[in-house]
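[1] Predicted model follows, preceded by the sequence.
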Amino acid sequence: MLLTKYGEMLNRENPLNEYPRPQFVRNSYINLNGVWKCAFSDKKELPEEFDYDIVVPFSPETPLSGVNRVLKPGEFLHYQRAFEIPEGFNKGRVFIHFGAVDQLANVFINGKKAGSHAGGYTPFRLEITDFIVTGQNIINVSVADYSDTKEYSKGKQKFKRGGIWYSPQSGIWQTVWLESTPAEFLEKVKITPDYDREQVHFEFFGTEDVLTTIYDGEDIIAQTRETTVKLSDFKAWSPENPFLYTVTFQACGETITSYFGMRKFSTGKDENGIWRLFLNNKPYFHNGLLDQGYYPDGFLTPPSNQAMEDDVKKMKELGFNMLRKHIKIEPLLWYHYCDVNGILVWQDMINGGGNYGLEISVWPFIGINLDDTNYKTFKRTDKAARELYYEELMDMVDYLYNCPCIALWVPFNEGWGQFDSNAAYDMLKRLDPSRTVDTASGWHDRGCSDVISKHIYFTPIKVKAGERPYVLSEFGGYSQKIEGHTFNNKMFGYKIYKTKESLTKAYKRTFEKTILPQIKTGLAATVYTQVTDVEDELNGILTYDRKVVKIDENTIKEINRKVKL
């Protein structure tokens, strides 16, 4: 069993216990992570006996859960735990939050159904005010998960794992928590910085009577009930200076704390007429890494919140300014760490669809761009699953809208479950015109995208500047096996090196001979594969357990000082 240092120190009774929503902090919080009971059954009805202890929020398939049992298609995973509502906690309404439950969930409080949710990667909230009682309460969650056997969003999970596909997991895999609000309450706020007009706009939901106070450090710089606030001579947010304004919202007898950054994402031509990504109205090179957010002991679930923060800080220390969050939606704390430390984020949507045929990944190499309105070709024949994709896409944008770090949305990757991508682009632009969009990362670009997006692993990298910024959205993947720090004995990589010295030399040569010369002639962004090893993939800068840096750190830092416009 491969453990991170965080997994070795796991507190089974109270894991991942930090307040999970720093973008909207309410003074009301009960963490329900810890040891629950669970059972596997071929019946959807709740069982009388629960066979296992399970550490929530770790999926039963993971080492840190203590279960090590795979939920199979057609089975149900049933959870149970008792909890109490402390005196004075209930301000009028009580809600339960689930960061993520994979894949289809039904929630019961004291034997009564409180609600359900479909989609394994997006959060949901249920009101349980009418279901709770004084003293002890019982929560049950019943889960079905079909992984890659149906067309629901599944990410990189596969029952027959291997190569670029990873172990399946199911059930609760992000924090479960309670909060209470007054009967009438401020449900959420959409915060939209308007860089050009030197102002910030707040859209309130649940109540309109809100007193907004904005702070620069300890100093109050604005206090108003208006929804648009002028910020003359504001401090801009950027990776070089990730300044964040604190903001409080007083409404319905409570005070909620949040923050925002004044920044602008756009595209445009530089002084030489080359299309670039822009940050704060200036050409800006995105120098990033593919970040899949997997751990050997928790899989999609970090063994601690410190583990997430340390990943972000390490990549920033090495000189990168961007992470492409690949086929995963993280807990909000991860994005908070990017906001605070100054890391741009390209956010992928979760892929769904059936088993992808070779035609999806092979044809692009010989110049064939497939029509993604052909649902059969792209394995998207399930209408209900296509509709759920758009629901989850909207949920993702809503969930992450207030994170200053989010620079770009990626609705589809390498044709996996791609369909109607031009419609997805239009939807994203309606939902969030403040960010750029890489509609079809890698290939099968149908004409609606803010960038030219290429994945190049096997052929020479030759940038062809065009009428959109040219982004190398995946490349590299150089691999080295470090004994004692691998998930198993298998090895997958695009180019394999035996030593740290040879791997470092290859990394340096690629940047000095290929990447750096082409920045001036049109390359606008790079995404090197990847932050860490993941299962069979041994192409990380870090080993899977995060204990070894595989490429010389000084070399990476030296190169990154040059990777800019």
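    Everything's here; your move. Computed from a predicted model, the values in this text were never measured in an experiment. Numbers count the residues shown, from 1 in each chain.

[2] What segments of the stretch 401-550 of the chain are helices?
    Remark: helices assigned in the stretch 401-550 of the chain by DSSP state H, counting those that start in this stretch are 421-431, 500-510, 516-519.

[3] The chain too?
    5-8, 305-317, 332-341, 358-362, 383-400, 421-431, 500-510, 516-519, 553-560 (DSSP state H).

[4] Pull out the buried residues from the fourth one.
    For helix 358-362, the neighbour count (16 or more other Cβ atoms under 10 Å) marks 360-361 as buried. Glycine gets a C-beta too; all of them are placed from N, C-alpha and C.

[5] which residues are contacting that helix?
    Identification of contacts with helix 358-362 by Cβ atoms under 8 Å, 6 or more residues apart in numbering yields 370, 377-379, 414-416, 418, 444.

[6] what's the farthest-apart pair in these?
    Greatest spacing in these, by Cβ to Cβ: 377 and 414 (14.1 Å).

[7] What score does the residue nearest to residue 149 when sequence neighbours are not counted have for pLDDT?
    Distance criterion Cβ to Cβ, 6 or more residues apart in numbering; nearest residue to residue 149, sequence neighbours excluded, is residue 73 at 4.8 Å. Note on residue 73: pLDDT of 92.

[8] okay, and the helix or strand of this protein with the least pLDDT?
    helix 358-362 (a mean of 73; mean pLDDT, DSSP states H and E).

[9] Can you lay out the helices of the stretch 401-550 of the chain as JSON lines showing mean neighbour count, distance to residue 166 and mean pLDDT?
    As requested, the helices of the stretch 401-550 of the chain are exported to JSON lines (neighbours: other Cβ atoms under 10 Å; distance: least, Cβ to Cβ, whole Å; pLDDT from 0 to 100):
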{"stretch": "helix 421-431", "mean neighbour count": "18", "distance to residue 166": "25", "mean pLDDT": "97"}
{"stretch": "helix 500-510", "mean neighbour count": "16", "distance to residue 166": "23", "mean pLDDT": "98"}
{"stretch": "helix 516-519", "mean neighbour count": "16", "distance to residue 166": "32", "mean pLDDT": "98"}
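
[10] Which one of those helices lies nearest to residue 194?
    Set against residue 194 and scored by Cβ to Cβ, these come closest in helix 421-431, at 17.0 Å.

[11] tell me the angle of the closest one relative to helix 383-400?
    30 degrees (axes from the mean of the first three to the mean of the last three Cα atoms, to 10 degrees).

[12] Give the other helices and strands that helix 421-431 contacts.
    helix 383-400, strand 436-437 (3 or more Cβ pairs under 8 Å, 6 or more residues apart in numbering; DSSP states H and E).

[13] Go ahead and measure how far that helix is from the middle of the chain.
    Once both centres are worked out by Cα atoms, centre = their mean, to the nearest Å, helix 421-431 turns out to sit 19 Å from its chain's centre.

[14] Likewise for stretch 444-460?
    Between the centre of stretch 444-460 and the centre of its chain there are 21 Å (Cα atoms, centre = their mean).

[15] Tell me the buried residues in it?
    The neighbour-count check on stretch 444-460 (16+ other Cβ under 10 Å) flags 444-446, 448-456 as buried.

[16] and those residues as CSV, adding pLDDT?
    Formatted as CSV, the buried residues of stretch 444-460 follow (pLDDT from 0 to 100):
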residue, pLDDT
444, 94
445, 94
446, 94
448, 96
449, 98
450, 98
451, 98
452, 97
453, 97
454, 96
455, 95
456, 94
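
[17] Between these, which sits nearest residue 243?
    residue 450 (25.9 Å).

[18] how about the nearest residue to the closest one, chain neighbours excluded?
    Closest to residue 450 by Cβ to Cβ, 6+ apart is residue 436, at 4.3 Å.

[19] The one you found bridge partners, please.
    Taking DSSP bridges as the rule, residue 436 bridges to residue 408.

[20] so what's it up against?
    Taking Cβ under 8 Å, 6+ apart, we find residue 436 in contact with 265-267, 277, 407-409, 450-451.
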